[in-house]
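K.L.:
need a 3D model of the sequence below.
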Amino acid sequence: MDDSAFHIRLAREKREGTLREFSARAYSNTADLALKAVEQAIEAVAAKHDIHFHTRPRTAHAERRNWVKENLPQVFDHLRILWDAYGRLGYGGTDGTRAKKALDAMEDALNEIGKSAGIKFI
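P.N.:
This next block holds a predicted model:
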């Protein structure tokens, strides 16, 4: 089943949330939502190929990462930045510079994913 439209909507919603949280200086939320926005965008593209990582939550992150490496290698470095920010900002969450890097990585990743899949996330 192609549920890509659902994931596209969630990616856009989480992107908007990322922008709001960054403006509010809620930096741990910024990193969390930025990562989730990109994960939803990846899910949207994968869903077009009948791949659904979210149905296996225990292995979803590893499977998604491996799939990105193989199918969207231009996004992989952005994903690494997001995971780093998510981990570091989840404990203390006061680093605005790191949150800005996460926001920028999200925007770059969404642009790359959108360009390769013909989907407008931004």
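K.L.:
for Ala37, give its distance to Asp50.
P.N.:
Distance, Ala37 to Asp50, using CB to CB, to the nearest Å: 22 Å. Quick note: C-beta positions are derived from backbone N, CA and C, even for glycine.
K.L.:
ok, those two, which is more surrounded?
P.N.:
Higher neighbour count among Ala37 and Asp50: Ala37, with 27 against 9, using other CB atoms under 10 Å.
K.L.:
counting contacts, what elements does the helix or strand that one falls within pack onto?
P.N.:
Ala37 belongs to helix 27-47 when assigned by DSSP states H and E. Counting contacts by 3 or more CB pairs under 8 Å, 6 or more residues apart in numbering; DSSP states H and E, helix 27-47 packs against helix 4-23, helix 60-71, helix 73-89, helix 96-117.
K.L.:
just want the most central residue of this structure.
P.N.:
Val38 (1.6 Å; CA atoms, centre = their mean).
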